[in-house]
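Peer 1: My questions concern the predicted model and sequence given below.
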Amino acid sequence: MSATSTSPYPTAIAGDGLELRPWDEDLLAQLAHWGERGFPFHAFDLGHLRDPTRARAELRRAREAGPHRHFVACEGETAVGRVSVNLRDRAGLYLWAVHVPPEHEGRGVCRRMMAALIDWLEDEYPGPDFVLTTNTFAERAHRAYDALGFRVAETRWHYDRPLAEELWRAPRDQRKAIEKHLRFHNGRWEVRTHLMARPQGKSLR
């Protein structure tokens with residue numbers, strides 16, 4: 001199937017000790033109570049899903065028809081990570097919202113859920129490269145991406161609105177921990193970001 005068309009959600013995508021499943025109400029309730037990492041990873045925190053109104057809106061967004069597919073990684077009935085893909089990005093199959101909460105880190109969840117998604121995408125959407133962007137301070141995530149065959153294609157300065165807004169409020173010691181990855185340019189904070197790419201091919205990992 002070409003990336004200009006889209007297939008329906010699969011019931012589940014099997015992986016190495018986990019499954020990727022579309023969002024549903026039960027999984028969303030688990031996501032709402034995941035641990036949070038806070039600054040500078042606060043854009044991934046999901047405590048806002050404890051608000052019923054925002055939770056309903058997020059579930060609708062996660063299940064709507066369109067170019068994006070949103071998955072929750074599950075070990076048994078336990079939600080341990082999440083990942084999304086834009087099937088129609090001009091750069092390729094764009095992986096985003098790659099998120100493992102702190103209580104499930106250290107067990108290869110990121111690598112395993114991305115490997116499962118990549119396998120499914122290679123079957124359903126053969127051809128386009130896989131691409132993602134990552135802030136250069138996200139070193140734990142980079143190890144998983146490297147293991148899956150992603151390589152840095154470009155490094156650029158990027159205006160990340162949630163991070164930039166929080167930087168005005170962050171104490172100096174928090175900002176200092178990532179300051180080598182930041183610059184203040186034209187009146188706003190920017191963060192150094194890698195564009196990483198990986199061609200299709202199961203032999204790459």
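Peer 2: Nice, I can see it. Numbering: from 1, shown residues only.

Peer 1: quick one: whatever helix or strand residue 87 lives in to chain centroid distance?
Peer 2: Residue 87 belongs to strand 78-89 when assigned by DSSP states H and E. Here strand 78-89 is found 6 Å from its chain centre; the criterion is C-alpha atoms, centre = their mean, to the nearest Å.

Peer 1: Confidence-wise, which helix or strand of the protein is lowest on average?
Peer 2: Lowest by mean pLDDT, DSSP states H and E among the helices and strands of the chain is helix 172-177, with a mean of 87.

Peer 1: Pull out the buried positions in that one.
Peer 2: Neighbour counts over helix 172-177 (16 or more other C-beta atoms under 10 Å) mark residue 175 as buried. C-beta: built from backbone N, CA, C; applies to glycine.

Peer 1: can you list the weak-confidence ranges in this protein?
Peer 2: Low-confidence segments of the chain (pLDDT under 70): 1-7, 202-205.

Peer 1: Let me see the ranges of the strands in it.
Peer 2: Under the criterion DSSP state E, strands of the chain are mapped to 13-14, 19-22, 68-75, 78-89, 92-99, 130-135, 151-158, 182-185, 188-198.

Peer 1: JSON lines for the ones you listed, including distance to residue 109 and mean neighbour count?
Peer 2: As requested, these are arranged in JSON lines below (distance: least, C-beta to C-beta, whole Å; neighbours: other C-beta atoms under 10 Å):
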{"stretch": "strand 13-14", "distance to residue 109": "14", "mean neighbour count": "16"}
{"stretch": "strand 19-22", "distance to residue 109": "11", "mean neighbour count": "20"}
{"stretch": "strand 68-75", "distance to residue 109": "6", "mean neighbour count": "22"}
{"stretch": "strand 78-89", "distance to residue 109": "5", "mean neighbour count": "20"}
{"stretch": "strand 92-99", "distance to residue 109": "10", "mean neighbour count": "20"}
{"stretch": "strand 130-135", "distance to residue 109": "16", "mean neighbour count": "21"}
{"stretch": "strand 151-158", "distance to residue 109": "22", "mean neighbour count": "13"}
{"stretch": "strand 182-185", "distance to residue 109": "28", "mean neighbour count": "14"}
{"stretch": "strand 188-198", "distance to residue 109": "19", "mean neighbour count": "19"}
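
Peer 1: picking that back up, for the least confident helix or strand of the chain, which outside residues touch it?
Peer 2: When contacts are defined by C-beta atoms under 8 Å, 6 or more residues apart in numbering, helix 172-177 is touched by residues 39-40, 167, 182.

Peer 1: do that again at 6 Å, thanks
Peer 2: Taking contacts as C-beta atoms under 6 Å, 6 or more residues apart in numbering, the residues outside helix 172-177 that touch it are residue 39.
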